[in-house]
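> Need the 3D shape of this:
(2 chains)
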Amino acid sequence: MSDLAAFRAETRAWLEANCPPAMRTWMPEDEQVAGGRKAVWKRPEQKVWLDRMAGKGWTAPTWPKKYGGGGLSNEQALILDEEMQDLGCRPPLRGMGLSMLGPVLLEYGTEEQRMTHLPPIIKGEIRWCQGYSEPEAGSDLASLRTRAVLQGDHFLVNGHKIWTSNAHHSDWIFCLVRTDPTVKKHDGISFLLIDMSDPGVRPRPIRLISGASVFCETFIENVRVPAANLVGELNKGWTIAKRLLEHERKGIGGIGARQAAKFETPVEDRAKHYVGEVGGRIADPALRAKVAGYNMDYQAFQLTRRRAAEEAEAGQPPGPLSAMFKYYATELNKRRYETILDAEGFQGLGWEGEGFTDDEIRLTREWLRAKANTIEGGTSEVQLNIIAKRVLGLPD
Amino acid sequence: MSIILTEEARMVRETALGFFNERSPITELRRLRDTQDPDGFSRALWRQMAELGWTGFLVPEEYGGSAFGIAGLAQVMEAAGRTLTASPLLSTALLGASLVAAAGTEDQKAAILPALVAGEHILALALEEGSRHAPDRIALKAETDGTGYRLTGRKTFVLDGHVADTLIVAGNTGNGTTLFLVPGGTPGVTRARLTLVDSRNAANVAFDGVRIEADSVLGPVGGGAAILEAALDFARAGLAAEMLGSASEAFERTVQYLKDRKQFGVAIGSFQALKHRAAQMFCEVEVTRSAVMAATAALDQGGNDAAALVSLAKAKANQTFFRCGNEGVQMHGGIGMTDEHEIGFFTKRARAAIATFGDTGFHQDRYARLMGY
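Sure, this is the predicted structure:
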């Protein structure tokens, strides 16, 4: 047996022995585990599963062992992921520490910053949020105005961030701040880590069209941040910011390849349920064509992810494919919900209360939540600009 | 199952890209069109393609082929699609070879396949009868007549029909579809070449009580539908690869034009209205490429999802080639409307290729049916 085959067998055996049955079920949005000091455990198994996986470092499978990571190769991590999907294991931990800040600290952080921040991320002890957008700096992120003034051994920070996802549940925030207002906008930005236990950091949840409040605006008022919390060089934050956005897009582009896929009801089954069947087929031919069109594009996209992974594994140079993942995955995800709501008819219009199943209410809320997919982490239009510039070489 | 290319297939790809670029640029299709070439393709070029072994990719070794497979042949098709090369690849190397190799008797295979591999025998499938692809609706009458059969009816859109040495005719024998090998010059066969918008070969073929012997039957009597369906999937996947090549070329030429053409003092590619559409085309070309690669890999490896993947590949190729062809003309502006410029050839070819072996609606419906809805 090859090393990888042996690893696969061991991994599967370990997962089977250690993943609680309750963690091999479909995971509702509100049972995602993001950890942190304010974590709420809806089920005790969530904590058991997190601690077991964190113990092996498998919440961050490819991070080095000295920080508590799994130390796995990319091939091994892919096997772990495949086995978890096959068994329907929930991700034990999610969050911006794992998906965005960690990779950036591994690349740009000091050893001290890594030793301080990576282990609590891996164990789910500290939850991070992202301080990027501001009211006047959306797609034009680099025009941000949150000011950080270096005063000896600390920065004094003042500003207003917005769309800070889950800021009210988080412990720390990584922020883009303006450290030099006199130079070109991209050249005066720095990347700063801020402890939110400071009373000068005040997150305020924003009620969204879905009724939920996952986003906040965060006010930062006269907060003193140790100079040692600067990541990378002063005024060189834009490079780090862009790299972090790549990680963010990779995460958002992963929509659709998630654990839920194993448990999700296929769109065609919902269509049959609501409009009926004729000879085993969706009775409404227009809806049938719409469902098939969506499913085909979804499959073609999944095949494209697989092709990119296979090319990488075969050691072929990374192609331009990854530039399209965020755009394509999020547009598809919106289309999925629109197709489901088309199928549901009146039953897709419930907000709460009688007359609708929990599933129907959930889907309606998710339909609205999905609208953010093509806005957050760089709008679809920004993604198309990036493809046009970097892949196609079209001029500014 | 892996979908990326093997080292050998990548070598075929490199060879084919160079070959068609050098020997069969679009000027060659223009020449065939403008001189009203009687064959509609270059026999010299076809022999060179045979020498490179491409005609034998779906033919077993014992009949002179290499059985290299459809994923390899798709590389050739894609390269041919880039220069819109007219050749019997689809009619003969794909459809003819897979039908005869799959269903032929020893005698039939020995008579046809080695000559096919040598580039000396052209086959054409006489299948369609109506205005769109309908392999399950065969009306052409095939009645028993003594020891043989008598064929009566009309076929249309027979690719390479007017130059075929042998026609493979789908007939209705009352108990289902039966395939017949009919030499092109058999008495009672009337072939009328069509002049198509894409300057490629197709013909109407009439069968007026054509008498053939029982040894002309290809495969089981009444069992032609399953054989056809399997061979058509090879043809659809190969055609999807050709269309992918054409779409990629139209797209790349258009992006180049966006960089070169200046209006208002700047390259028109700096305009977001065009940039975004170009970026969307890039995405569609790439997902189409993945679908084509997965379909050909599944056919070669006998995957049980092959039929659905083929429909996926052909449907995506239809949509993407349509888009890249039309956007190509639009983004080239006035010059794109001229016959002198080559971009218009792509949009014409797109229409014909989309109609061949199933348009988007056909393959969406087939995909849904295969997936149980």
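
> what about residue A:145, distance to chain B?
Using C-beta to the nearest C-beta, to the nearest Å, residue A:145 is found at 26 Å from chain B. Backbone N, C-alpha and C define where each C-beta goes, glycine included.

> what's the burial count for that residue?
By other C-beta atoms under 10 Å in any protein chain shown, 15 other residues sit near residue A:145.

> The one 5 residues further on now?
Summarising burial for residue A:150: neighbours were counted as other C-beta under 10 Å, giving 14.

> before we move on, what about residue A:71?
16.

> Neighbours of the spatially closest residue to it that is not a sequence neighbour, how many?
Spatially, and ignoring its direct neighbours in sequence, residue A:71 is nearest to residue A:65 (4.0 Å; C-beta to C-beta, 6 or more residues apart in numbering or on different chains). Residue A:65 has 10 neighbours, counted by other C-beta under 10 Å.

> Kindly report the same for residue B:364.
By other C-beta under 10 Å, the residues close to residue B:364 number 24.

> Without its sequence neighbours, what residue ends up closest to it?
Once flanking residues are discounted, residue B:364 sits nearest to residue A:292: 4.5 Å by C-beta to C-beta, 6+ apart.

> The closest residue to chain A within the stretch 51-200 of chain B: what's it in contact with?
Of all residues in the stretch 51-200 of chain B, the one sitting closest to chain A is residue B:71 (13.1 Å; C-beta to the nearest C-beta). Applying C-beta atoms under 8 Å, 6 or more residues apart in numbering or on different chains to residue B:71 gives the contacts B:5-6, B:9, B:293, B:296-297, B:299-300.

> Which element, helix or strand, includes the residue nearest to residue B:364?
helix A:285-313 (DSSP states H and E).

> what's the answer for residue B:182, then?
Using DSSP H and E, residue B:182 maps to strand B:177-183.

> Give me the distance from that strand to the chain's centre.
Its chain's C-alpha centre and that of strand B:177-183 lie 20 Å apart, by C-alpha atoms, centre = their mean, to the nearest Å.

> List the buried residues for whichever helix or strand comes after that strand?
Going down the chain from strand B:177-183, the next helix or strand is strand B:189-195, by DSSP H and E. Residues of strand B:189-195 classed as buried by neighbour count (16 or more other C-beta atoms under 10 Å in any protein chain shown): B:189, B:191, B:193.

> Excluding sequence neighbours, find me the nearest residue to the last one.
In this case it means residue B:193. Nearest to residue B:193 is residue B:162, by C-beta to C-beta, 6+ apart, at 4.2 Å.

> Equivalent analysis for the first one, please.
Nearest residue to residue B:189, sequence neighbours excluded (C-beta to C-beta, 6+ apart): residue B:210, at 5.7 Å.

> In a helix, the residue nearest to residue B:193, correct?
No - secondary structure of residue B:162 (DSSP: H, G, I helix; E, B strand; the rest coil): coil, not part of a helix.

> Now do the same contact list for the residue nearest to residue B:364.
If you count contacts by C-beta under 8 Å, 6+ apart, residue A:292 has them with B:364-365, B:367-368, B:371, B:373.

> Who are the packing partners of the strand holding residue B:182?
helix B:97-103, strand B:148-159, strand B:166-172, strand B:201-213, strand B:217-218, helix B:224-260 (3 or more C-beta pairs under 8 Å, 6 or more residues apart in numbering or on different chains; DSSP states H and E).

> which residues touch the shortest one?
If I follow you right, that is strand B:217-218. Here strand B:217-218 has contacts from B:99-100, B:103-104, B:108, B:149, B:168, B:178-181, B:224, B:227, using C-beta under 8 Å, 6+ apart.

> Among those residues, the buried ones, what's the PyMOL command?
With 16+ other C-beta under 10 Å as the criterion, this PyMOL line picks the buried residues out of the contacts of strand B:217-218:
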select buried, chain B and resi 99+100+103+104+108+149+168+178+179+180+181+224+227
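
> Rebuild the contacts of strand B:217-218 as CSV, extending it with pLDDT.
Converted to CSV, the contacts of strand B:217-218 look like this (pLDDT from 0 to 100):
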residue, pLDDT
B:99, 98
B:100, 98
B:103, 98
B:104, 98
B:108, 98
B:149, 98
B:168, 98
B:178, 98
B:179, 98
B:180, 98
B:181, 98
B:224, 97
B:227, 97
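
> got the contacts of strand B:217-218 as TSV, with distance to residue B:122 columns?
Output for these, formatted as TSV (distance: C-beta to C-beta, whole Å):
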residue	distance to residue B:122
B:99	14
B:100	13
B:103	19
B:104	16
B:108	16
B:149	23
B:168	11
B:178	22
B:179	17
B:180	17
B:181	13
B:224	21
B:227	20
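
> Between the contacts of strand B:217-218, which sits nearest residue B:241?
Relative to residue B:241, the closest of the contacts of strand B:217-218 is residue B:99; by C-beta to C-beta it sits at 18.7 Å.

> Spit out the contact partners of the closest one.
Counting by C-beta under 8 Å, 6+ apart, residue B:99 touches B:123, B:125, B:168, B:179, B:218, B:227-228, B:231.

> now do residue A:332
The neighbours of residue A:332, taking C-beta under 8 Å, 6+ apart as the test, are A:256, A:294, A:297-298, A:301.

> circling back to that earlier point, which residues does the strand holding residue B:182 contact?
Identification of contacts with strand B:177-183 by C-beta under 8 Å, 6+ apart yields B:99-100, B:103, B:108, B:112, B:126, B:136, B:138, B:142, B:149, B:151, B:165-172, B:189, B:207, B:210, B:212, B:216-225, B:227-228.

> So the residue nearest to residue A:71 sits against residue A:56, correct?
No - in this structure, residue A:65 is not within contact of residue A:56 by C-beta atoms under 8 Å, at 10.2 Å.

> Roughly how far does the residue nearest to residue B:364 sit from residue A:347?
Applying C-beta to C-beta, to the nearest Å, the value for residue A:292 to residue A:347 is 22 Å.

> sorry, back to before: so which of the helices and strands packed on strand B:177-183 comes closest to residue B:116?
When the helices and strands packed on strand B:177-183 are compared by C-beta to C-beta, helix B:97-103 sits nearest residue B:116, at 6.0 Å.

> picking up where we left off before, now intersect the contacts of residue A:292 with the helices, please.
Among the contacts of residue A:292, the members falling in helices (DSSP state H) are B:364-365, B:367-368.

> Could you single out the nearest of the contacts of residue B:71 to chain A?
Closest to chain A out of the contacts of residue B:71 is residue B:293 (6.5 Å), distances taken as C-beta to the nearest C-beta.
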